[in-house]
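Student: predicted model follows, preceded by the sequence.
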Amino acid sequence: KEKRAIEPGWFTVSVGGKQPGFSGTADAYTTGTVKGRFRVTGKTIIIE
């Protein structure tokens, strides 16, 4: 059985209409991404 956990540490999230760092012929100038970083603190929590 797989277990899931929430662990402390730094995480990076990218959202938008393409893969971060992508460039090519299908890359519209109106398409972009936003990237943010956040930190989770505390103890590890196992999700049952």
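Tutor: Noted; the coordinates are in hand. Numbering: from 1, shown residues only.

Student: so how far is E48 from the residue nearest the centre of the chain?
Tutor: Closest to where the C-alpha atoms of the chain average out (CA atoms, centre = their mean) is V13, at 2.6 Å. Distance of V13 to E48, computed by CB to CB, to the nearest Å: 25 Å. Heads up, the C-betas are built off the backbone N, CA and C, glycines and all.

Student: just T31 next, same as before
Tutor: T31 sits 40 Å away from E48, going by CB to CB.

Student: neighbour-wise, which of those two wins?
Tutor: Neighbour totals were compared for T31 and E48, and T31 leads with 11 against 5 (other CB atoms under 10 Å).

Student: got the contact list for that one?
Tutor: G16, G17, K18 (CB atoms under 8 Å, 6 or more residues apart in numbering).

Student: what's the answer for I47, then?
Tutor: By CB under 8 Å, 6+ apart, the residues touching I47 are K3, R4, A5, I6.

Student: nearest to T41 among those?
Tutor: Within the set of the contacts of I47, I6 lies nearest T41; the separation is 10.9 Å, counting by CB to CB.

Student: mind listing what that closest one touches?
Tutor: I6 neighbours (CB under 8 Å, 6+ apart): V40, T44, I45, I47.

Student: would you check which pair of those residues lies furthest apart?
Tutor: The most widely separated members of the contacts of I6, counting by CB to CB, are V40 and I47 (13.7 Å).
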